[in-house]
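Enquirer: Fold the following for me, if possible:
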Amino acid sequence: MSGFTLFKKDISIALFSMIILILIGFFVEHPWPKDFLISIFSFGLLAMSLNMLIGFAGMVSFGHAAFFALGGYAFGLLLQSESFLTNFGALSIIVAFFVSIFITGIYSAVIGAICVRLNEIYFAFLTLAFQMFLYSVIVSWVSLTGGDQGLMGGIARPVFLGIDLSNSLHRYTFCSVIFVICILLLRILNKSNFGYSLRLIRDNQERAEFLGIRVFRVKLICFIIASMVASVGGIIMTLFTSGAYPEWAFWTQSGEAIFMIMLGGISIFLGPLVGTVLLRLINDVVQMYSSHTELVTGIIIMIVVLGLRKGLVEYLLEKTGILKKKREFGETSTTYI
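Expert: Numbers count the residues shown, from 1 in each chain. This is a model prediction of the structure:
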């Protein structure tokens with residue numbers, strides 16, 4: 001199957017998914033499904049982007065949520081600035097969106113240039129150190145970030161191109177489109193030569209260098225792209241909550257993202273997204289029946305992860321025989337879902 005045919009198929013699936021999500025917004029009147037889906041869009045991008053590091057490149061980051069938080073805070077701060085709103089007017093949302101991603105990209109480039117040269121354990125803990133540094137800045141710089149209370153007072157949502165993000169339906173539709181586009185971009189990267197280079201580096205870095213792959217550059221680009229996608233998740237959450245909060249930058253948020261990947265499956269492209277849905281559902285259900293949410297959730301996650309080992313999606317694919325058939329045709333598990 002040619003690369004063009006694969007991308008054409010992926011684009012068709014993305015368009016179909018986008019239509020279904022938009023239709024849910026129009027025909028489902030109760031707010032809970034749309035609110036739940038927006039949270040899936042946000043944290044799903046966090047988990048999917050983290051799996052680009054872990055699953056694609058073999059780089060385990062304990063501090064990935066820092067970029068989620070940075071994107072959300074940058075977006076919120078820009079839209080709370082009167083001078084920014086005055087200068088850009090109706091385009092404020094669009095400009096803030098891209099500027100926030102750009103800021104995250106620059107920040108991640110600096111951190112990545114330091115971290116990606118290191119081996120696995122040092123990379124993991126140095127990314128955690130940078131995340132806790134950002135968390136400390138957010139909590140201590142009260143005049144800018146609101147400290148431990150977060151950005152208070154809401155954010156401006158000026159109408160652009162007829163889209164009013166203060167309207168719940170418009171906001172849900174906008175987030176749906178952004179989410180699908182980001183997933184499609186990750187999918188295309190996964191199927192591209194860049195994605196194959198990442199997996200070669202993950203499996204055998206010395207061989208990759210021998211074949212002429214510039215390992216540092218490829219890993220750094222991967223780190224920057226993953227960080228920018230995570231920042232989009234933070235922007236979506238800022239739009240949803242009309243604020244930004246320091247717990248987004250705390251280490252536990254990165255831990256949750258890793259749990260999502262483990263629940264869904266690290267070697268399956270959409271596995272982290274499935275894990276995101278599972279974890280959010282587990283949290284919601286546990287909160288309904290128990291006040292010990294974190295304890296019960298932790299026990300459930302431990303049972304699921306230890307019982308399935310490879311995540312729910314990969315477990316089901318193996319049981320149904322689909323995974324075996326794909327491997328017989330020489331396809332890796334990260335290329336077909």
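Enquirer: contacts and neighbour counts: CA atoms only from here.
Expert: Fine.
Enquirer: helix, strand or coil for the closest residue to His64 other than its chain neighbours?
Expert: Excluding the flanking residues, the one nearest His64 by C-alpha to C-alpha, 6 or more residues apart in numbering is Ser254, at 5.8 Å. Following DSSP: H, G, I helix; E, B strand; the rest coil, Ser254 is assigned to helix.
Enquirer: Which parts of the stretch 1-150 of the chain are helices?
Expert: Along the stretch 1-150 of the chain, the stretches classed as helices by DSSP state H, counting those that start in this stretch are 3-27, 31-51, 65-79, 82-88, 92-115, 120-140, 142-145.
Enquirer: how about these in CSV, adding mean neighbour count?
Expert: As requested, these are arranged in CSV below (neighbours: other C-alpha atoms under 10 Å):
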stretch, mean neighbour count
helix 3-27, 15
helix 31-51, 24
helix 65-79, 28
helix 82-88, 13
helix 92-115, 19
helix 120-140, 18
helix 142-145, 14
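Enquirer: for those helices, which one sits closest to Lys191?
Expert: helix 3-27 (7.8 Å; C-alpha to C-alpha).
Enquirer: Tell me which residues touch the residue nearest to Gln287 when sequence neighbours are not counted, please.
Expert: Sequence neighbours aside, Thr293 is the residue nearest to Gln287 in space, at 5.8 Å (criterion: C-alpha to C-alpha, 6+ apart). Thr293 is in contact with 283, 286-287, counting by C-alpha atoms under 8 Å, 6 or more residues apart in numbering.
Enquirer: My read is that Ile138 contacts Pro246, right?
Expert: Yes: using C-alpha atoms under 8 Å, Ile138 is in contact with Pro246, at 6.3 Å.
Enquirer: Mutual contacts of these two, please.
Expert: Joint contacts of Ile138 and Pro246 (C-alpha under 8 Å, 6+ apart) are 147-148.
Enquirer: From the contacts of Thr293, list just the buried residues.
Expert: Buried residues within these, defined by neighbour count using 16 or more other C-alpha atoms under 10 Å: 283, 286.
Enquirer: closest to Ala65 among the contacts of Thr293?
Expert: Asn283 (18.8 Å).
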